[in-house]
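> predicted model, plus sequence, below.
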Amino acid sequence: MATSTQKVNTFGTPHANRVMKHIIKFLLLGFLFSSACEVVDGITGKEETPTLAEVELFPVLLNGEWGYINKKGAMVIEPRFQRAYDFSEGLAVVRESWRWKYIDETGEEAFDGYFEDLQSFSEGRAAVRVDGRWGYINLDGDFIINPRFRGATPFSNNRAFVRSLDYRDYYYIDEFGNSLDALNMPSDMDFIESGSFTEERALVLEDGLYGYIDPTGNTIIDLQYAEALPFSDQLAAVLISNRWGFINPMGTISISPQFVSAGTFNDGLAPARKNSNQFGFIDKTGTFVISEQFDEVRSFHEEYAPVRIGDKWTFISLDGVQITEPKFDEVEPFNHGLARVITYTLNDENEVEEEIGYIDKTGRYVWFPTQ
């Protein structure tokens, strides 16, 4: 199932009725509905697609079936799904009775539809596959871009990266499904996993070189880097002469190339390695504020970063303090105040199985690992 998840940088060893229904429901429950109906998109001049309020529920596995808990660890949607994913824009992707579908915060099916594959919602749209072709639906479940792509990615900045039905081309489309066609846009882009816009820049790849385009499709930063990462916190890591540095959204070097490895900035810090085989975090001057001491790290999210020490993971705060001893076999970044943690166990057949739990930002279990 190709859910839309943001790529995590790792270093080291490597019909309007539907919307109204939800508005009423959220008001009754005391939730705030975030309406974007009057917000005008600066690129197209069109009104942005309204989205539902975020739902702070978390998928858990219990006795082989998936359900959802709230932030306090109380079961809200009883386990009955064969697979369940995070909520995004008020809806979540689940598999039940061998069928993929979307559910709302009560666990009810959001709308009818039979999809071969589907992704999470982003900017009020979601990519779904029907008869081998990808298209986009809105929050009512209605197609707003008919299925005519071989591959599709989530919308960002009212743009999405898609693959042509004949497999030959990768290109960007606008919110109406029209391909972007700018004068100095790369003519033959290659596949790139991180094909989303951040800081109004999208990373593009052509003939082995990376550069950046703006939401109109114009090349803003020439394709000249052997390796590069998306923008975050107004900076992007790029490889220059075998060392990583950082550029600003106009392509000017902000932190000189000096690092053996570097990741994306978030919360003002970025993972980096310079003088050792271990990793730390630098600030926007390129200075290490958390020393090189970890075997593997990932970027900060919600002011905490996953770090691996030896063969176990934990999290550190912005000042480098661990919230628990390293004890998890795998972790995911914090989301709405909780982080998913995984421990490996051996079953009776001596096979490795995963147990999934959640911790809060103090390191306390909200949901002890289960399977």
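Alright, I've got the coordinates.

> what sits closest to residue 220 if chain neighbours are left out?
Beyond its immediate neighbours in the sequence, the residue positioned closest to residue 220 (C-beta to C-beta, 6 or more residues apart in numbering) is residue 214, lying 4.9 Å away. The way it works is simple: take the backbone N, C-alpha and C, and place the C-beta from them, glycine included.

> strand partners (parallel or antiparallel) of the one helix or strand residue 255 maps to?
Element membership of residue 255, judged by DSSP states H and E, is strand 253-259. Each strand that strand 253-259 pairs with, and the sense of that pairing, follows from DSSP bridges: strand 243-247 (antiparallel).

> and the contacts of the strand it pairs with?
Strand 243-247 has contacts (C-beta atoms under 8 Å, 6 or more residues apart in numbering) with 221, 227, 235-238, 253-262, 265, 270, 272, 286.

> quick revisit: which residues sit against the strand holding residue 255?
Counting contacts by C-beta under 8 Å, 6+ apart, the residues outside strand 253-259 that touch it are 235, 238-241, 243-248, 272-274, 282, 284-286.

> average pLDDT for it, rounded please.
Confidence over strand 253-259 (mean pLDDT, whole number) is 98.

> what are the buried residues along that strand?
Under the neighbour-count criterion of 16 or more other C-beta atoms under 10 Å, strand 253-259 has 255, 257, 259 buried.

> I'd like the next helix or strand past the lowest-mean-pLDDT helix or strand in the chain.
Within the chain, no helix or strand scores below helix 16-29, which has a mean of 40 by mean pLDDT, DSSP states H and E. Using DSSP H and E, the helix or strand that follows helix 16-29 towards the C-terminus is strand 58-62.

> and that next one, what does it pack against?
For strand 58-62, the contact count by 3 or more C-beta pairs under 8 Å, 6 or more residues apart in numbering; DSSP states H and E identifies strand 65-69, strand 75-81, strand 83-88, strand 352-359, strand 365-370 as packing neighbours.

> tell me what angle that strand forms with strand 352-359.
Strand 58-62 and strand 352-359 meet at an angle of 140 degrees, taking axes from the mean of the first three to the mean of the last three C-alpha atoms, to 10 degrees as the criterion.

> just for the protein, where's the confidence low?
Screening the chain residue by residue with the criterion pLDDT under 70, one finds the ranges 1-52.

> dig out what residue 81 forms beta bridges with.
In this structure, residue 81 bridges to residue 66 when assessed by DSSP bridges.

> for it, grab the count of nearby residues.
Here the count is done by other C-beta atoms under 10 Å, and residue 81 has 23 residues near it.

> surely it is in contact with residue 61?
No: taking contacts as C-beta atoms under 8 Å, residue 81 lies outside contact range of residue 61: 9.5 Å.

> end-to-end on stretch 256-265?
The first and last residues of stretch 256-265 sit 15 Å apart, counting by C-alpha to C-alpha, to the nearest Å.

> can you check stretch 316-324 too?
In terms of C-alpha to C-alpha, the two terminal residues of stretch 316-324 are separated by 8 Å.

> list the buried residues of that stretch.
Counting neighbours by 16+ other C-beta under 10 Å, one finds that the buried residues in stretch 316-324 are 316, 320, 323-324.

> same question for stretch 359-371.
359-360, 363, 366-367, 369.

> tell me the one of the residues you listed nearest residue 161?
Nearest to residue 161, judged by C-beta to C-beta, of the buried residues of stretch 359-371 is residue 359 at 33.8 Å.

> how much space between that closest one and residue 369?
Look at residue 359 and residue 369: by C-beta to C-beta, to the nearest Å, they are 10 Å apart.

> now do the shared contacts for these two.
Taking C-beta under 8 Å, 6+ apart as the contact criterion, the residues that touch both residue 359 and residue 369 are residue 341.

> hmm, back to that, and residue 138, which of the helices and strands packed on strand 58-62 is closest to it?
Residue 138 lies closest, by C-beta to C-beta, to one member of these: strand 83-88, at 13.8 Å.

> can you list the domain ranges for the protein.
For the chain, the domain assignment from automatic domain parsing gives the residue ranges 16-180, 303-371.

> wait, what's in contact with residue 303?
267, 317-318, 334.

> dump these to a markdown table, plus secondary structure.
Putting these into a markdown table (DSSP: H, G, I helix; E, B strand; the rest coil) gives the following:
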| residue | secondary structure |
| --- | --- |
| 267 | coil |
| 317 | strand |
| 318 | coil |
| 334 | coil |
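
> biggest strand in the protein, by residue count?
The longest strand of the chain (DSSP state E) is strand 143-152.

> would you mark the buried spots in that one?
Residues of strand 143-152 classed as buried by neighbour count (16+ other C-beta under 10 Å): 145, 147, 149-152.

> what of stretch 239-249?
For stretch 239-249, the buried set under the neighbour-count rule, 16+ other C-beta under 10 Å, comprises 239-240, 244-247, 249.

> CA atoms only for it, dumped as PDB, please.
Listed in PDB are the C-alpha atoms of stretch 239-249, where the atom choice follows Å, rounded to 0.1, in the frame of the first residue of the first chain:
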ATOM      1  CA  LEU A 239      27.100  17.600  -2.300                       C
ATOM      2  CA  ILE A 240      30.000  19.800  -3.600                       C
ATOM      3  CA  SER A 241      33.400  18.200  -4.400                       C
ATOM      4  CA  ASN A 242      32.800  15.200  -2.100                       C
ATOM      5  CA  ARG A 243      31.700  17.300   0.900                       C
ATOM      6  CA  TRP A 244      28.200  18.300   2.000                       C
ATOM      7  CA  GLY A 245      27.200  21.900   2.500                       C
ATOM      8  CA  PHE A 246      24.000  23.900   2.500                       C
ATOM      9  CA  ILE A 247      22.400  26.400   0.100                       C
ATOM     10  CA  ASN A 248      19.500  28.800   0.500                       C
ATOM     11  CA  PRO A 249      16.400  28.800  -1.700                       C
END
